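K.L.:
show me the folded form of this:
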Amino acid sequence: LVGEGRHCRRVYGSHFSHPEAFTVTDSELTRFEAKVSPEPTSGCWLWTAGTNQSGYGQFGMGGRAGRMFAAHRIAYQHWRGLTPEGLQPDHLCRARSCANPAHLEAVTCRENLLRGSGLTAVEAATTRCPVGHEYNADNTRYGRKGRGLIRHCRTCENSRKMARSHRLKGPGRSYRRKTA
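P.N.:
So this is what the prediction gives:
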């Protein structure tokens, strides 16, 4: 159900597909380290400074003419190297405010979405329809809903069609055309 990049570019922008190299100066590294608080039980480096609306740490680099970067991306690139093209850093600890490079792994957008707890991950993990029929190649039809795809259970669809047909035609009526 998750496209291999189309959805990711629309939601997260192209900067994940084409990582840019940036250099962290000594003064910026000192400022960065002052904004993390190591959490002893989980090992997370919790970001104590500003975050975006999604909860990811934000760090300004380049002075007044600079720009904001995600704190976990800075940590990944500084301590582990440039994120390979087409991949993005994923929090293995699932804590968005974590900036520990040991808790980050470069994965595809699809893998990152499926590891999460959002609607995409929940839908992908669902193996049966609400009635209990298995979603498999023979019993599943894909349809459009908004910009995404949605799964339909063929068994349930057939039952609904049959019930509707019985309601409209009435009981005891033939469903085949009579030939003259």
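
K.L.:
how about the residue most central in space within the chain: what's its closest non-neighbour residue?
P.N.:
Nearest to the centroid of the C-alpha atoms of the chain, with distances taken as C-alpha atoms, centre = their mean, sits Leu113, at 2.3 Å. Using C-beta to C-beta, 6 or more residues apart in numbering and skipping the chain neighbours, the partner closest in space to Leu113 is Thr120 (4.7 Å). The C-beta positions use only the backbone N, C-alpha and C, and glycine is treated the same way.

K.L.:
can you report how many residues lie near the one you found?
P.N.:
With neighbours defined by other C-beta atoms under 10 Å, the count for Thr120 comes to 18.

K.L.:
what of Arg160?
P.N.:
For Arg160, the number of neighbouring residues by other C-beta under 10 Å comes to 11.

K.L.:
circling back to that earlier point, check which helix or strand the residue nearest to Leu113 maps to.
P.N.:
Applying DSSP states H and E as the criterion places Thr120 in helix 119-125.

K.L.:
which strands and helices sit next to that helix?
P.N.:
Here helix 119-125 touches helix 109-115, going by 3 or more C-beta pairs under 8 Å, 6 or more residues apart in numbering; DSSP states H and E.

K.L.:
buried stuff in the helix it packs on?
P.N.:
By neighbour count with 16 or more other C-beta atoms under 10 Å, helix 109-115 contains the buried residues Cys109, Arg110, Glu111, Asn112, Leu113, Leu114.
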